[in-house]
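S.K.: Quick one: sequence plus predicted model below, questions after.
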Amino acid sequence: MAFELPSLPYSQTALADKGMCQETLELHHGKHHQAYVTALNGFVEKNDALKGKSLEEIVKLSFGKDDMAPVFNNAGQHWNHILFWKALSPKGGAIPGALEKKIKDDLGGVDAFKEAFKAAAISQFGSGWAWLIVGKDGKLKVTKTPNGSNPLATGEGKAILGLDVWEHSYYLDFRNRRPDYVTNFLDKLANYEFAEAELKSA
């Protein structure tokens with residue numbers, strides 16, 4: 001079974017008044033994400049060791065292996081983007097009660113969480129991701145990864161929210177202003193209801 005590009009859980013115009021225009025979604029989802037899926041399927045086709053494995057299995061199997069770096073880059077990015085589209089919402093920005101309490105208990109409150117997340121996203125040099133994860137100790141943590149890496153690969157914990165800080169994710173809307181893109185995500189786009197559901201299943 002070949003891997004497939006998942007459909008967006010909203011229309012390509014749904015986030016336009018929240019700071020992510022239709023062209024960004026068309027390019028990011030339809031071109032960038034599709035390219036990762038196409039490349040990954042090509043690698044799987046040529047490598048019997050990858051055939052029949054789940055995306056998660058391929059991410060873990062290829063992580064940290066120089067000879068499998070191209071496989072990891074595309075598998076990691078496919079996995080990252082599947083979560084990323086779910087982490088956005090036209091009704092984003094409002095943090096539900098259970099998640100808010102957990103953020104307060106583990107991270108010192110919503111403001112402290114947002115500052116930590118912004119710091120992680122802004123300080124990721126070049127391309128990469130910022131994450132809100134449930135660590136192995138059950139506590140929420142903010143972390144970041146370079147390029148196509150993710151908390152699944154590193155074993156840090158379960159990602160419940162992720163933000164793509166590659167330039168293609170924000171350049172049409174925010175040009176080179178990554179801090180504004182991150183703030184806009186946290187305040188207007190972040191699907192905290194999805195994050196809360198992922199937290200409960202962690």
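M.R.: Good, I have the coordinates.
S.K.: Residue 124: what's it in contact with?
M.R.: Contacts for residue 124 (CB atoms under 8 Å, 6 or more residues apart in numbering) come out as 130, 144, 145, 146, 165. C-beta here means a position set from N, CA and C on the backbone, and glycine is covered the same way.
S.K.: separation between it and residue 179?
M.R.: 12 Å (CB to CB, to the nearest Å).
S.K.: For the longest helix along the chain, what is the distance to the chain centroid?
M.R.: Criterion DSSP state H: the longest helix present in the chain is helix 69-86. With CA atoms, centre = their mean, to the nearest Å as the basis, helix 69-86 stands 8 Å off its chain's centre.
S.K.: mind saving the C-alpha coords of it as CSV?
M.R.: Taking Å, rounded to 0.1, in the frame of the first residue of the first chain, the C-alpha atoms of helix 69-86 are listed here in CSV:
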residue,chain,number,x,y,z
ALA,A,69,18.9,10.0,5.5
PRO,A,70,16.8,10.6,2.4
VAL,A,71,14.2,8.0,3.5
PHE,A,72,14.1,9.6,7.0
ASN,A,73,13.8,13.2,5.6
ASN,A,74,10.7,12.3,3.6
ALA,A,75,9.1,9.9,6.0
GLY,A,76,9.7,12.4,8.9
GLN,A,77,8.2,15.3,6.9
HIS,A,78,5.2,13.2,5.9
TRP,A,79,4.6,12.3,9.5
ASN,A,80,5.2,15.9,10.7
HIS,A,81,2.7,17.4,8.1
ILE,A,82,0.0,14.9,8.9
LEU,A,83,0.0,16.2,12.5
PHE,A,84,0.5,19.8,11.3
TRP,A,85,-2.7,20.0,9.3
LYS,A,86,-4.6,18.7,12.3
